[in-house]
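[1] Please work out how this folds:
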Amino acid sequence: MLTELQKLSASEVELMMKAPLLVCILIAGADNEIDKTEINGAIELIKKGKFIGSLNEYYKEVAEDSEEKFKLLLKELPKESSKRNSTVLEELSQLNVIFPKMKKSVAGDFYKSLRYIAKKIAETSGGILGVNAVGAEEMKFLGLPMIKDPGAF
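    Next up, the predicted model:
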């Protein structure tokens, strides 16, 4: 486990462990529907992702059983997209309380990795021949505006 997570409460660790999956769900479901391509893309991204060195162990742990974790998390969230998005936005905004408890460099790397995931998921199923690959619905969440850049603390 990432040493920075050892400083956190159990509920904070739980949120940190599911944050990449929540980002996937938010971006993939921004257009009201999470399709199989987006689900598979999210799972593959987390499993095969090459993330910043300080997060490699963290992402290996997140990747374990990621398909089951993703499906379970999706079942726990509201089916209706606006309610689901609202719930996910609220959960992700809690990272703003967690990041200041972490080393600034690790929190910054984590934030960058979540934004990278958001970008890759948005590009997964959009557009024709890469044109308009990111839809308007996805675009409003793409920069993860609910999470403050830890570099700004």
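[2] what residue ranges in this structure score low on pLDDT?
    Counting by pLDDT under 70, the ranges of the chain that qualify are 1, 49-52, 125-136, 153.
[3] Could you check how far residue 23 is from residue 3?
    23 Å (C-beta to C-beta, to the nearest Å). For glycine as for every other residue, the C-beta is placed from the backbone atoms N, C-alpha and C.
[4] cool, residue 14 as well?
    Residue 14 is 17 Å from residue 3, by C-beta to C-beta.
[5] before we move on, what about residue 55?
    In terms of C-beta to C-beta, residue 55 sits 12 Å off from residue 3.
[6] which residues are contacting the helix or strand harbouring residue 89?
    According to DSSP states H and E, residue 89 maps onto helix 81-93. Residues outside helix 81-93 that contact it (C-beta atoms under 8 Å, 6 or more residues apart in numbering): 15, 18-19, 22-23, 25-26, 29-30, 32-33, 77-78, 141, 144, 146-147.
[7] From the residues you listed, keep the buried residues only.
    Neighbour-count burial within the contacts of helix 81-93 applies to 15, 18-19, 22-23, 25-26, 29-30, 77, 141, 144, 146-147; the criterion is 16 or more other C-beta atoms under 10 Å.
[8] What about the residues you listed, which are in helices?
    15, 18-19, 22-23, 25-26, 141 (DSSP state H).
[9] Can you tell me which of these is nearest residue 108?
    Minimum separation from residue 108 among those (C-beta to C-beta) is found for residue 19, which lies at 14.4 Å.
[10] What distance do you get for that closest one to residue 113?
    9 Å.
[11] residue ranges for the helices of the protein, please.
    10-28, 36-48, 56-63, 66-76, 81-93, 95-98, 104-124, 136-142.
[12] Residue 63 touches residue 44, doesn't it?
    No: no contact is recorded between residue 63 and residue 44 when judged using C-beta atoms under 8 Å, the distance being 9.9 Å.
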